[in-house]
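Novice: here is a sequence together with a model predicted from it:
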Number of protein chains: 2
Amino acid sequence: MAASVLEVCRQARQAADVMRELNTAAKDTVLAGIADALDGGRGRLKAANVADLESARRSGVSQTLLDRLTLTDARITAMVRAIRTVVDLPDPAGQVIRGTARPNGLLIEQVREPLGVIAVIYEARPNVTADVTALCLKSGNAAVLRGSSVAARTNAAIADIVAEVLRGQDRVPVDAVQLIRDHSREAVIELLSAAEYVDLLVPRGGPGLLATVREHAKVPVVIDGDGNCHVYVDASAEPAMATAIVVNAKTSRPSVCNAAETLLVHADIAASWLPDVLGELRGRGVIVRGDERTRKIWPDAEPATEADWATEYLDLVLAVRVVDRLDDALEHIARYGTRNSEAIVTRDIAAARRFARAVDSGSVFVNASTRFSDGGEFGYGLEIGVSTQKLHARGPMGLEALTCVKNVTWGDGQIRT
Amino acid sequence: MAASVLEVCRQARQAADVMRELNTAAKDTVLAGIADALDGGRGRLKAANVADLESARRSGVSQTLLDRLTLTDARITAMVRAIRTVVDLPDPAGQVIRGTARPNGLLIEQVREPLGVIAVIYEARPNVTADVTALCLKSGNAAVLRGSSVAARTNAAIADIVAEVLRGQDRVPVDAVQLIRDHSREAVIELLSAAEYVDLLVPRGGPGLLATVREHAKVPVVIDGDGNCHVYVDASAEPAMATAIVVNAKTSRPSVCNAAETLLVHADIAASWLPDVLGELRGRGVIVRGDERTRKIWPDAEPATEADWATEYLDLVLAVRVVDRLDDALEHIARYGTRNSEAIVTRDIAAARRFARAVDSGSVFVNASTRFSDGGEFGYGLEIGVSTQKLHARGPMGLEALTCVKNVTWGDGQIRT
């Protein structure tokens, strides 16, 4: 009989209280053991994954989902390497980020420490099971994992191997990493209600999950939300650079949240440059939905409706709008954006500085693709998600996002007068 | 006709978009003007306050509340001085807290910026109106203030003077500081629902307000919650230091959230030391509620019930428990504490380090009074509240807590491969 979700969370809380006091070496040793065990457990992982893939094919899921779900040898290698990267990262727990000696002699230190229990609800990507395990253990947290039913067997195989490693040692508690194997919506709601035990929940998923989270969450949440990302090509943009960035942002991996969905282009460059980029995109199978001014320049474009500006296609579709001024681009982004990632292509330093300051998104790029909005690309090793909210963490979330900062004050008898 | 709460928030949002791009000098000039105007407007402030005090007395509010509400000349001076202190603090907006050059040449900067619109619901302390104004303007945010009906006239007088200063210049928008003059519960609920406009709400208040917030909040919230604070006196404590700290933590200002509510004392020192401290506290009018072991040593103590351990008295009452080990003290704090502020008195460095690491509270004090858990004492100039949650900000919240961190990446055409 499986433990209830609340019981899983309660056990995680107890494990977290032990984790909080572990030194880095103990955590790193266990993580290295997990990497080795997953590396050596390829056969089990692939067998479980084949079973998941067969069920998924039978139930007719999309090719995109099948691709996400597939665990090849190369992906297992990448997963193992990612854990080893996390072993090599500095431990955020215990870092003193600031220290002040006050006039009365008090020494106030602001010290990072683990949040406690981190829960993650995630899509059908088996590597997330390993990634979250690595990030949580390294930062001294306990992890409660709730993956997709589609990846149930693969996730279970990963979690079983992790559990075997944990049972083989006595520093990191076995309950520090737990997989919820109940895939019902009720289980999600139970997890969302476990405010007594869960310190942070990161929901990764579509609008359905986020609506459930907004309705039921009693636990603290950092949302990994949508990415309706924009590229703004300024009048002064270097045309070849603009084309390369737009093509990369749209086509290098259209199904992810940092892919571009809307191109905003300054009127002064639109007539000369749009045919170049849209021709290149057409060659890569991208469908363009343009406003009237775009369609005058590029009659191939389908007419864009109001809904297009607000849509995260996650597909080879791009909305295109011609704007007269940087301010119009900023207004468009403020109105339709999802505060994820936006880019400007420009040679004008004033425009770049203005864009960087005025755009209210987690990540802003000047002369670079939005696709760099990623924990690995930011040097975090791995990410637990990409925050689209402002409080606590913004943009790609690595180890630091799994910590909080405690004020530790050292005195020698000070009292307040 | 007063604007609806939602309309106030919408105007604040527009003001915040202007504030976000203001330089420090512009904000400081306006803040200095506000300090001068409040200083010169003492007559108006005191007249409004007298009217509030008369109404409050007629409606029979407590002496504690009357004391909070009273605006003396000395308090106006302190309020004005506090604003000038904030002028002198560094502007958190624009601070680059980290910068990384990536192997591909991308330069990733993590830059503090204003959150946007900050709403605060607060108790009948008029200085909060000025404090929040100063903290929000300095950090580049717009403020939506909702004070207590008891302080309605005093808050309005402060807000009117602020508005006059804002109308006399053209950098900081007039709508950057707005006071909600509707004191109904519906107004609070409307504010809690304004997720489209409000980036952070800080509720300061009792259990009733917090329950309303938990039920209705759609906006992001950082809770300024209870303070059931503990002092643990270790076996190795220096007795005179322990007495001074406990007496200060309990009696220097019993009505505030950083006052101590429970004393935990190690059995090895209890018999010799408790009579000293409890005698001293009795002399200051403190009622003691003790467990059985305490009452054997100090028969004067009333018997403590389970409810006492969980109570924030905010009064001259202290719960006392004798424990056999540091671990028992840690367990007691984990079970009954509110994650606000706890102190240990000890000469044992191992006990101090253990306590500092294991206690899961925003502020931990070694050989100092819990009363130092305060933005002013921490060097923040002022505080907007004391967070009792872990996400975003923990403990006293100064200017930094009103910012978020954006990732600004500078490239020269990088695309992701």
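Specialist: Noted; the coordinates are in hand.

Novice: may I see the buried residues of the helix or strand containing residue A:281?
Specialist: Following DSSP states H and E, one finds residue A:281 within helix A:267-283. Neighbour-count burial for helix A:267-283 flags A:269-270, A:273-274, A:277-278, A:280-281 (criterion: 16 or more other Cβ atoms under 10 Å in any protein chain shown). Yep, even glycine has a C-beta here, placed from its N, CA and C like the rest.

Novice: how about the nearest residue to the residue of the stretch 251-400 of chain A found nearest chain B, chain neighbours excluded?
Specialist: Proximity of the stretch 251-400 of chain A to chain B (Cβ to the nearest Cβ) peaks at residue A:368, 3.1 Å away. In space, and not counting its chain neighbours, residue A:368 is closest to residue B:411: 3.1 Å by Cβ to Cβ, 6 or more residues apart in numbering or on different chains.

Novice: burial count for the residue of the stretch 251-400 of chain A closest to chain B?
Specialist: As a burial measure, residue A:368 scores 31 neighbours (other Cβ atoms under 10 Å in any protein chain shown).

Novice: ok, back up a step: report the contact partners of the residue nearest to residue A:368.
Specialist: Residue B:411 makes contact with A:365-368, A:372, B:105-107, according to Cβ atoms under 8 Å, 6 or more residues apart in numbering or on different chains.

Novice: pull up the pairing partners for the host helix or strand of it, direction included.
Specialist: Assigned by DSSP H and E, residue B:411 falls within strand B:403-414. Its sheet considered, strand B:403-414 pairs with strand A:363-368 (parallel), strand B:107-114 (antiparallel) by DSSP bridges.

Novice: residue A:379 - that's part of a helix, no?
Specialist: No - assessed with DSSP: H, G, I helix; E, B strand; the rest coil, residue A:379 is coil; it does not lie in a helix.

Novice: and the nearest residue to it once chain neighbours are set aside, what does it touch?
Specialist: Once flanking residues are discounted, residue A:379 sits nearest to residue B:100: 5.5 Å by Cβ to Cβ, 6+ apart. Residue B:100 makes contact with A:378-379, B:107-108 under the criterion Cβ under 8 Å, 6+ apart.

Novice: go through these and say which is closest to residue A:334.
Specialist: Nearest to residue A:334 among those: residue B:108, at 23.1 Å, using Cβ to Cβ.

Novice: where does that closest one land on pLDDT?
Specialist: Residue B:108 carries a pLDDT value of 98.

Novice: how about the residues of the stretch 251-400 of chain A near chain B?
Specialist: Within reach of chain B by Cβ under 8 Å from any Cβ of the partner chain, the stretch 251-400 of chain A has these residues: A:252, A:334, A:352, A:356-358, A:360-369, A:371-374, A:377-379, A:389-392, A:394-396.

Novice: among the residues you listed, which are in helices?
Specialist: A:334, A:352, A:356-358 (DSSP state H).

Novice: which of the residues you listed are buried?
Specialist: A:352, A:356-358.

Novice: list the contacts for residue A:91?
Specialist: With Cβ under 8 Å, 6+ apart, residue A:91 has these contacts: A:24, A:27-28, A:138-140, A:399.

Novice: just the helices in the stretch 151-300 of chain A please.
Specialist: A:152-167, A:185-192, A:207-216, A:239-251, A:267-283, A:292-297 (DSSP state H, counting those that start in this stretch).

Novice: most tightly surrounded among these?
Specialist: Among the helices of the stretch 151-300 of chain A, ranked by average contacts under mean count of other Cβ atoms under 10 Å in any protein chain shown, first place goes to helix A:239-251 (a mean of 22).

Novice: helices and strands around that helix, which ones?
Specialist: strand A:229-233, strand A:260-266, helix A:267-283, strand A:341-345, strand A:363-368, strand B:403-414 (3 or more Cβ pairs under 8 Å, 6 or more residues apart in numbering or on different chains; DSSP states H and E).

Novice: 7 Å instead, please
Specialist: strand A:229-233, strand A:260-266, helix A:267-283, strand A:341-345, strand B:403-414 (3 or more Cβ pairs under 7 Å, 6 or more residues apart in numbering or on different chains; DSSP states H and E).

Novice: format these as JSON lines; extra columns: distance to residue A:81 and mean pLDDT.
Specialist: Listed next are these as JSON lines, based on distance: least, Cβ to Cβ, whole Å; pLDDT from 0 to 100:
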{"stretch": "strand A:229-233", "distance to residue A:81": "28", "mean pLDDT": "98"}
{"stretch": "strand A:260-266", "distance to residue A:81": "28", "mean pLDDT": "98"}
{"stretch": "helix A:267-283", "distance to residue A:81": "33", "mean pLDDT": "98"}
{"stretch": "strand A:341-345", "distance to residue A:81": "25", "mean pLDDT": "98"}
{"stretch": "strand B:403-414", "distance to residue A:81": "23", "mean pLDDT": "98"}
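
Novice: mind checking which of those is nearest residue B:231?
Specialist: strand B:403-414 (33.0 Å).
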